[in-house]
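Student: I'll drop the sequence and a predicted model, then ask my questions.
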Amino acid sequence: MTIDIMGPHNKSRVCSTMADWLQISQHIEQETGRPFHPGAPGEVGGGCINAAFTLTDGEQKYFVKVNQANRQPMFIAEAAGLQEIVNAGAIRVPRPVCYGISGNDAYLVMEHIAFGRNNKDSLVRFGQQLAGMHLHTQPQFGLDHDNTIGSTLQPNQPCDDWIEFLQQHRLGFQLQLATGNGGGASLQRNGEKLLAELNCFFTGYTPVASLLHGDLWSGNYAVDSQGQPVIYDPAVYYGDHEADLAMTELFGSLPQDFYSAYNDVFPIDPGYRTRKKLYNLYHILNHFNLFGGGYRAQAEAMISDLLGEIR
């Protein structure tokens, strides 16, 4: 199934926030089978794509994302991704409750999770549990539906070959977007050289199709009030487990306790030290396509470094 999702050219967080909260509450009742009569929604700050709210009746509490009605496919895909991780049973995510359109807005209702304080024990559990999630595999790379990475379309057409998937649906797709966004001839030319040589980074290493979060920077990880790891805001697909690990290092690495615990469950191949730059290039290109600015120079430098590895 392919979901029609708006691409990166509508980058602003746009919501009328005129959602019919009574309708949303009734939808929650229908899905949970429990009466739900909440007070006024509480707005939650920090998001750059969606508006977010909490909704509670004093006993039950939910987290609600809201955006324009034409963004409903993005929420459908996010709910499906969360459920994929729930089904794997390895690590906690907010369980999706329901989604729909109310007034001028689309909404996604999820379990509300109260966060606690991170510590060494929770980092060890995070490493172990993320590795456990990555050991949940399927035969093909990709997913049975497209989703988004930020607000950019993320194509997930299933593929038997990881390098082909990476060429067509990850790096190649972002490079095409970058051309349309003013990335310049040099970025495109050197990017195409890199795509043609991807095999060089996988000598003696054959990835399996692991269940991935897909957007696993430190801002999408927390612990609950019991110290259990929680991941959220996913861009789920099945791919090389190193892609998730790489993003945990993109904006500053997690403490070593996390990586050591991960490695004890799912050993990290020595070639990861080079491939992590290849996987993080995808996210830097996406940041250029979303925000422009200095991300182009960063992407060009990464491509130059990677080409240097194969010369």
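Tutor: Looks like it came in fine.
Student: how far away is L177 from R170?
Tutor: For L177, the distance to R170 equals 12 Å [CB to CB, to the nearest Å]. Bear in mind the C-beta positions are built from the backbone N, C-alpha and C, glycine included.
Student: What are the boundaries of the strands in the stretch 151-300 of the chain?
Tutor: All strands of the stretch 151-300 of the chain, identified by DSSP state E, counting those that start in this stretch, fall at 152-154, 209-212, 221-223, 229-231, 237-239.
Student: For those strands, give me TSV that also has mean neighbour count, mean pLDDT and distance to A114.
Tutor: Below are those laid out as TSV (neighbours: other CB atoms under 10 Å; pLDDT from 0 to 100; distance: least, CB to CB, whole Å):
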stretch	mean neighbour count	mean pLDDT	distance to A114
strand 152-154	21	97	30
strand 209-212	25	98	26
strand 221-223	21	97	10
strand 229-231	22	98	10
strand 237-239	28	98	29
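Student: Out of these, which gets nearest to F126?
Tutor: For the strands of the stretch 151-300 of the chain, proximity to F126 was assessed by CB to CB; strand 229-231 is nearest, at 3.9 Å.
Student: if I pick E84, what's in contact with it?
Tutor: 143, 211, 236 (CB atoms under 8 Å, 6 or more residues apart in numbering).
Student: Find the nearest non-adjacent residue to the first one, please.
Tutor: This means L143. Distance criterion CB to CB, 6 or more residues apart in numbering; nearest residue to L143, sequence neighbours excluded, is N156 at 3.9 Å.
Student: How about the last one?
Tutor: Of all residues beyond its chain neighbours, the one nearest V236 is G81 (3.3 Å), with distances taken as CB to CB, 6+ apart.
Student: quick one: contacts for the closest residue to R95 other than its chain neighbours?
Tutor: Excluding the flanking residues, the one nearest R95 by CB to CB, 6+ apart is E111, at 4.3 Å. Residues near E111 by CB under 8 Å, 6+ apart: 62-63, 94-97.
Student: So among the residues you listed, which ones count as buried?
Tutor: Buried members of the contacts of E111, counted by 16 or more other CB atoms under 10 Å: 62-63, 94, 96-97.
Student: just those now: which is nearest N118?
Tutor: Closest to N118, out of all of the buried ones among the contacts of E111 and judged by CB to CB, is P94, at 17.5 Å.
Student: pretty sure that closest one is touching G81, no?
Tutor: No. Counting by CB atoms under 8 Å, P94 does not reach G81; the two are 11.3 Å apart.
Student: tell me which strands and helices the helix-or-strand element of the chain with minimal mean pLDDT is in contact with?
Tutor: When each helix and strand of the chain is scored by mean pLDDT, DSSP states H and E, strand 42-44 comes last, with a mean of 92. Counting contacts by 3 or more CB pairs under 8 Å, 6 or more residues apart in numbering; DSSP states H and E, strand 42-44 packs against strand 51-56.
Student: Now for Y62: which residues touch it?
Tutor: 28, 54-56, 97, 109-112.
Student: change it to 7 Å
Tutor: Taking CB atoms under 7 Å, 6 or more residues apart in numbering as the contact definition, Y62 lies against 28, 55, 97, 109-112.
Student: H213 now?
Tutor: 231, 234, 236, 244.
Student: ok, for it, nearest residue in space, not its chain neighbours?
Tutor: P234 (4.7 Å).
Student: where does the one you found land on pLDDT?
Tutor: Note on P234: pLDDT of 98.
Student: how close does it sit to I149?
Tutor: Taken as CB to CB, the span from P234 to I149 is 10 Å.
Student: do the same with H213
Tutor: Separation of H213 from I149 (CB to CB) stands at 11 Å.
Student: go on, G204?
Tutor: When G204 is compared with I149 (using CB to CB), they lie 29 Å apart.
Student: Which of those two has more residues huddled nearby?
Tutor: Neighbours per residue, other CB atoms under 10 Å: of G204 and I149, the larger number sits with I149, 21 against 7.
Student: how about the closest residue to the more buried one other than its chain neighbours, what does it touch?
Tutor: Nearest non-adjacent residue to I149, counting by CB to CB, 6+ apart: A235, 4.5 Å away. Neighbouring residues of A235 by CB under 7 Å, 6+ apart: 147-149, 154, 214-215.
Student: care to break the chain down by domain?
Tutor: Each domain of the chain is listed here as a residue range: 21-111, 120-309, per automatic domain parsing.
Student: shouldn't G142 be in contact with N156?
Tutor: Yes. If you go by CB atoms under 7 Å, G142 and N156 touch, sitting 4.3 Å apart.
Student: what sits in contact with each of the two?
Tutor: With CB under 7 Å, 6+ apart, G142 and N156 have common neighbours 169, 237.
Student: For these two, work out which one has more neighbours and name it.
Tutor: Relative neighbour count places N156 above the other of G142 and N156, with 25 against 20, counting by other CB under 10 Å.
Student: Pop out the phi and psi values for the more buried one.
Tutor: phi -130, psi 30 (degrees, to the nearest 10).
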